[in-house]
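Trainee: I'll drop the sequence and a predicted model, then ask my questions.
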Amino acid sequence: IARVITHPSNPELVYVAAIGHLWGYSGDRGLFRTTNGGTTWTRLGGGLPADNRAGAIELVMDPSNPSILYTAFYDRLRKPWTFTSGGKSGGIYKSTDAGATWTKLTRGLPPGETGRIGLAVSRQNPQIVMAIVEAAQTNSLAQPGSGIYRSENGGGSWTYVNTYNNRPFYYSQIRINPLDHQRVYVLTTRFMVSDDGGKNFRNGSADEEIHGDFHAMWLDPKNANRYYIGADKGSSLTHDHGKSFTLFDNFAIGQYYRIGVDMRDPYYVYGGLQDNGTFASPSFSRDARGILSDDAWKVHWGDGMDIQIDPTDWRRVYTEAEGGSFRRYDPETRMATNSRPSQANIVNYAEVLGANARGTAMFRFNWSAPLVMSPHDPATLFLGGNHLFRTTDRGDSWRIISGDLSTNDSAKTRVTHGGLTRENTGAETHGTITSVSQSPIAEGVIWVGTDDGNVQITRDGGSRWTNVRNAVRGVPAGTWVGRVEASHFDPGTAYVAFDGHRSDIFTPWIYKTSDYGRTWTNISSNIPAGQVVHVVREDLRNPNLLFAATEFAVWASLDGGKKWTRFMNGMPTVATQDLVIHPRDNDLVAGTHGRSIYIADDITPLQQLTPAIVAAPAHIFDQRVATMWENGSRGGQRGHFWYAGENPPSVAPSGTLPRAGLTHSAFITYYIKSSPASPATLEISNGRGLTRVVTLPRGAGIS
């Protein structure tokens, strides 16, 4: 959904601009209207494109006349290896009868194909309409091309005022100050401001503390100096027209790609964030207020991806930014060493690639290249490109241990530019490894999945590889491998999650093999259609306990995938990109793409829940050791503008002050088959003969 507009005096009348599916010409696309508050919807035509390629990317309403609407249509298609922005059916359209009929506006606008377009109507003078248009690039204003346009007659004709248009597919947002139509804003990598109607722009986000990559803006209609802007770091507010900003960093809206945990007590959760680097935060804080923002610290820049922490020494942290950018980091000394595989540090470079090979041009790394630590040796790590790279000295040197494990389809591995506007961020680098998993049982067994559908296995540490993808039935060839997971109990057992959304297929696919990939069984069972699976995890203690993270939920299976149950108590509906089970504390940690980190404390009851226990009248599970913590608050009161994550329920504050004591509880988990007629009790005794009787809440199930 690109835009939603409600009629100013009739809340039942709503318009929706729908762009359609990104990865295929399917889904609802176009301009839609409801007159009954959303009960039913009508797709508007009357002159709008109907080729099922272009969708509505923008919609604005004349503030003086709600029957006058402007919309922009956009033809775009993304594939894992390319992105096309622009088409012949795009452009700007105007309606003067509440959407019944539309006229395409062309006078003064770029001829030929157009790409993404943003629109704005002046509140001060609604005849003034501005557009930022993606089109063929030009070097001057003499020939209409990509850039900024201004109309002063309601779109009847347009003047090309500026060639500026930074990364159109990603931004293309333009606004007009409601009290001064000469003041124009363009949201791009920087927040750009014009004081002369768009002819010249200056950086309006000189306060770099609010981050870059701007996507959203709301202007106060009564105060020309007050507005909110939204960027990759969140939302900010200014009262003085950008001289200073307040950054609202008290929202849990982190978009995690991958997560990891260390072995400190309490342990820290590490994670790579979209355009916010890699951060580490404690799983709970010795502050009565909870886990504060200043408990976290940054490890890496860019788009954070995989992160691995030495379980024997938390100061040895290995992290990665987009495209395989590898770094070794010491959190105490802050010493960082960058060591991406290259000709200079690959010990068998010439042996594998040839004596005349030069540079790293033949290496391809996925946007989210996998970085994995060996469960057998913390000094050994694997990094996936198109080849699999291994280091046994913590990243000082690397060795190539495979050939090209992708399909190496030359039609999909060449660099493409993105349609009308050149765009080479690396997000479409294709023919790459997306997931690596080494067997914890057999050191020589390594599994690899690729973005073009291969599932490869070696049983001798990389000397020989076998592609077992053709044995997987029911998944189209070329489907992206989201995650491979080697079993913790059997060297021949592994799990694979296929992610078809990049092929415009939203079927959940989880497969299991128990014979090194010769045969596979689909264990997706009752996970609903539409819930693409991002990751599958096998429990560390119970081979029948599985977890799956999808685009909308986290699921658990107690029977090896025969049946799945939503495991969402306390979690919102959100895409979950990664799951980690803490090997000591037995917590399940979820990294979401939009709602930060969630922790399910102590999954022991799920690990121990056997059919015999379910059939029994009652059962007490093994209990986790409880620790009594002292308050370790480092600061005083902060007003009300701060964020605090939740501490575990077993550690609660005794008051509201930061220095308040911590009230400790030892959780006892138990199972009752059916709700008893009278309250059940639990008797607890210690070694000194002291006994306490606790009345249990009524109800069946696990408590």
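Mentor: In hand now; what should we look at?
Trainee: Give me the residues contacting the lowest-mean-pLDDT helix or strand in the chain.
Mentor: Least confident helix or strand of the chain, by mean pLDDT, DSSP states H and E, is strand 662-664 with a mean of 75. Contacting residues not belonging to strand 662-664 are listed as 286, 288, 626-631, 650-654 [Cβ atoms under 8 Å, 6 or more residues apart in numbering]. Any C-beta I mention is one placed from the backbone N, CA and C, and that applies to glycine too.
Trainee: just how off-centre is it within its chain?
Mentor: The chain centroid and the centroid of strand 662-664 are separated by 35 Å under Cα atoms, centre = their mean, to the nearest Å.
Trainee: okay, now the domains of this protein?
Mentor: Structural domains annotated on the chain: 3-247, 256-618, as defined by automatic domain parsing.
Trainee: ok, then the element right after the least confident helix or strand of the chain?
Mentor: Going down the chain from strand 662-664, the next helix or strand is strand 670-672, by DSSP states H and E.
Trainee: which residue ranges form the strands in the stretch 601-703 of the chain?
Mentor: Remark: strands assigned in the stretch 601-703 of the chain by DSSP state E, counting those that start in this stretch are 618-620, 644-645, 651-653, 662-664, 670-672, 681-685, 691-695, 701-702.
Trainee: ok, the last one: who's next to it in the sheet?
Mentor: Next to strand 701-702 in the sheet, as set by DSSP bridges, lie strand 670-672 (antiparallel).
Trainee: pLDDT wise, what is the most centrally placed residue in the chain at?
Mentor: With distances taken as Cα atoms, centre = their mean, the residue of the chain nearest its centroid is His593 (3.5 Å). Predicted confidence (pLDDT) for His593: 98.
Trainee: could you list every residue that touches it?
Mentor: Applying Cβ under 8 Å, 6+ apart, we find His593 in contact with 255-257, 274, 574-577.
Trainee: Highest neighbour count among those?
Mentor: The residue in these with the most neighbours, by other Cβ atoms under 10 Å, is Tyr256 (28 neighbours).
Trainee: any low-confidence regions in the chain?
Mentor: Scanning the chain for pLDDT under 70 picks out 207-208, 360, 416-418, 424, 634-636, 638, 640, 658-659.
Trainee: what ranges do the helices span in it?
Mentor: Ranges of helices within the chain are 349-353, 410-413, 604-608, 611-615, based on DSSP state H.
Trainee: who touches the last one?
Mentor: It stands for helix 611-615. Helix 611-615 has contacts (Cβ under 8 Å, 6+ apart) with 619, 671, 673.
Trainee: now the residues you listed: which count as buried?
Mentor: 619, 671 (16 or more other Cβ atoms under 10 Å).
Trainee: Name the nearest residue to Gly30, ignoring sequence neighbours.
Mentor: Ranked by Cβ to Cβ, 6 or more residues apart in numbering and with sequence neighbours excluded, the top spatial neighbour of Gly30 is Arg43, at 5.2 Å.
Trainee: Run through the residues that contact the one you found.
Mentor: 28, 30-32.
Trainee: Now, of these, which are buried?
Mentor: For the contacts of Arg43, buried by 16+ other Cβ under 10 Å: 30-32.
Trainee: ok, the contacts of His593 vs Phe382, which is closest?
Mentor: Using Cβ to Cβ, Tyr257 comes nearest to Phe382 of the contacts of His593, at 17.4 Å.
Trainee: before we move on, back to that, could I get the strands of the stretch 601-703 of the chain as CSV with distance to Gly474?
Mentor: Shown next, in CSV, are the strands of the stretch 601-703 of the chain (distance: least, Cβ to Cβ, whole Å):
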stretch, distance to Gly474
strand 618-620, 38
strand 644-645, 41
strand 651-653, 47
strand 662-664, 51
strand 670-672, 36
strand 681-685, 48
strand 691-695, 51
strand 701-702, 34
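Trainee: nearest to Ile401, of the ones you listed?
Mentor: Here strand 644-645 is closest among the strands of the stretch 601-703 of the chain (Cβ to Cβ), at 39.8 Å.
Trainee: Now tell me what touches that closest one from outside.
Mentor: Strand 644-645 has contacts (Cβ under 8 Å, 6+ apart) with 252, 281, 285, 287, 289-292, 596-597.
Trainee: which of these lies closest to Arg459?
Mentor: Distance ranking of these against Arg459, using Cβ to Cβ, places Ile597 first at 35.6 Å.
Trainee: Paired strands for the least confident helix or strand of the chain, with orientation please.
Mentor: Note on strand 662-664: by DSSP bridges, its sheet partners are strand 651-653 (antiparallel).
Trainee: buried residues in the strand it pairs with?
Mentor: Under the neighbour-count criterion of 16+ other Cβ under 10 Å, strand 651-653 has 651, 653 buried.
Trainee: Against Phe214, how distant is Met192?
Mentor: Met192 sits at a distance of 9 Å from Phe214 (criterion: Cβ to Cβ, to the nearest Å).
Trainee: my bad, should have said Thr691
Mentor: Relative to Phe214, Thr691 is positioned 63 Å away (Cβ to Cβ).
Trainee: Between these two, which is the more surrounded one?
Mentor: More neighbours surround Phe214 than the other of Thr691 and Phe214, with 24 against 9 (other Cβ under 10 Å).
Trainee: quick one: Thr573 and Ser9, what's the gap?
Mentor: Taking Cβ to Cβ, one finds Thr573 at 33 Å from Ser9.
Trainee: ok, these two, which is more surrounded?
Mentor: Thr573 (11 against 7).
Trainee: ok, and the closest non-adjacent residue to that one?
Mentor: Phe552 (5.5 Å).
Trainee: Could you do Leu48 as well?
Mentor: Using Cβ to Cβ, 6+ apart and skipping residues adjacent in sequence, the residue nearest Leu48 is Trp102, 5.2 Å away.
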